[in-house]
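1. Predicted coordinates and the sequence they were generated for:
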Amino acid sequence: MEDGKAPDLAPELQQAYRLLFALWERLQQTILKGHILVRCYANGLPFGSEGTVHTDSSSRRSFTTVYYSHESWNANWGGETVLLNQDAMDVVAAIYPKPNRAAMFQGTIPHVARGVSRICPVARITLMFKSEIAQ
């Protein structure tokens with residue numbers, strides 16, 4: 001990272017994963033207008049796996065966009081993304097993992113992926129787009 005700027009990884013994503021790049025382009029034309037891509041990866045959360053409270057960045061220019069890529073979901077399966085206040089002592093929002101939903105939040109917000117129920121027959125699969133506001 002030269003002079004404090006994160007490299008834009010969109011060209012690498014375009015070359016290696018065209019389908020993911022198409023989703024990134026759509027996000028960049030809408031909720032992430034003016035952002036550059038810093039990281040992109042998938043997470044899988046099957047029954048028995050638990051997330052931990054964390055932040056993704058200490059920079060207020062950084063954002064996390066979670067895309068819920070599964071085809072169907074049931075409220076009894078759990079798997080919400082929970083956002084907490086800055087001292088992680090209270091829940092401020094919960095994002096239901098509705099199929100084809102994208103949720104964006106500042107990377108400095110403490111959050112956790114809640115585990116899925118034992119009755120859930122599928123893994124909770126998310127695509128993560130970490131971005132920064134371009135300077």
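-> Structure received.
2. how far away is the residue most central in space within the chain from residue 124?
-> When CA atoms, centre = their mean is applied to the chain, the residue found nearest the centroid is residue 66 (2.6 Å). Going from residue 66 to residue 124 by CB to CB, to the nearest Å gives 11 Å. For the C-beta atoms, the positions are set from N, CA and C on the backbone; glycine is no exception.
3. about what we covered before: just the C-alpha atoms of whatever helix or strand the residue nearest to the centre of the chain lives in, please, in CSV.
-> Remark: residue 66 resides in strand 62-68, with elements defined by DSSP states H and E. Output of strand 62-68 as CSV, limited to C-alpha atoms (Å, rounded to 0.1, in the frame of the first residue of the first chain):
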residue,chain,number,x,y,z
SER,A,62,-13.6,1.3,4.8
PHE,A,63,-16.9,-0.5,4.2
THR,A,64,-18.0,-4.1,4.2
THR,A,65,-20.7,-5.4,1.8
VAL,A,66,-22.2,-8.8,2.5
TYR,A,67,-24.0,-10.6,-0.3
TYR,A,68,-26.2,-13.5,0.8
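4. Now do the same contact list for the residue nearest to the centre of the chain.
-> 81, 95, 102-104, 126-128 (CB atoms under 8 Å, 6 or more residues apart in numbering).
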